[in-house]
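*Asks:* coordinates for the following, if possible.
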Amino acid sequence: MSALIQQLKQPFVRALSVFTGPRVIYGWRNADGSWCANTRVSTHACLEGLDGLVLGDHVFIGHFNRIDGSNGLLIEEGVQVTNYASILSHSSHRSVRVMGRRYVNDTDPLGYVRKATRVGAYSFIGPHSVIAPGAKIGKGVIVQGYSFVSGEVPDFAIVGPQAHGKAAVVVGDTREIDRALLQRHPELQPLYAHWAGKDNLRRALQGEVRPDRQQDAV
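*Replies:* Okay, the predicted model is just below:
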């Protein structure tokens, strides 16, 4: 299907989804005009700040997510965002608390957070997760469901929730879980190396992954 036809299809399917329920639409055009033919976005995802939102190709954004590009959000190639997740580039809750009724009329509220956020290639964002403004998530990362992630997450980390209200921690490495499949199917190895790098392919195959899996990810 051509890019033009796909673009014309998008508003029609979104309108129809009011009656039929959520649908996933192929094709996405960024504000700079770049076309991502294989990116899929739900009709029921909340997309904000489109001028600052950049999606790579082969991205999947499922139903009922909040995707906030108001201060810059890059979601790189192959990222999967499941459901009910929030990926943010601004935060106002502290400002609202400390400023009270004054907040609504203030053009530069105290404590307001504006930070660009990035999700690296071929990462996975589990359901009910929150990616805080300014987070830098590496490539090949798994963010387990119900995680709160801020700061930097290293490439290939598996991060999971601690107790309620605490930041996620590194609990594993995705190269470990990819090893068996890559060994059984060597034809996949060049595809893996294309986005992960040859050194990370070698580490996956040989089991040479980081020793700090239990450290805080944020």
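
*Asks:* show me the shaky parts of the protein.
*Replies:* Scanning the chain for pLDDT under 70 picks out 1-10, 12-14, 16-19, 210-218.

*Asks:* my guess is residue 52 meets residue 72, correct?
*Replies:* Yes - assessed by Cβ atoms under 8 Å, residue 52 is found in contact with residue 72 at 4.7 Å. C-beta: built from backbone N, CA, C; applies to glycine.

*Asks:* anything in contact with each of these two?
*Replies:* With contacts taken as Cβ atoms under 8 Å, 6 or more residues apart in numbering, the residues that reach both residue 52 and residue 72 are 89, 116.

*Asks:* SS state for residue 203?
*Replies:* What DSSP: H, G, I helix; E, B strand; the rest coil gives for residue 203 is helix.

*Asks:* what about it, distance to residue 193?
*Replies:* According to Cβ to Cβ, to the nearest Å, residue 203 stands 11 Å off from residue 193.

*Asks:* tell me which of these two has more neighbours.
*Replies:* residue 203 (19 against 16; other Cβ atoms under 10 Å).

*Asks:* contacting residues for the more buried one?
*Replies:* Residues near residue 203 by Cβ under 8 Å, 6+ apart: 175, 209.

*Asks:* find residues that contact each of residue 203 and residue 193.
*Replies:* Counting by Cβ under 8 Å, 6+ apart, residue 203 and residue 193 have no shared contacts at all.
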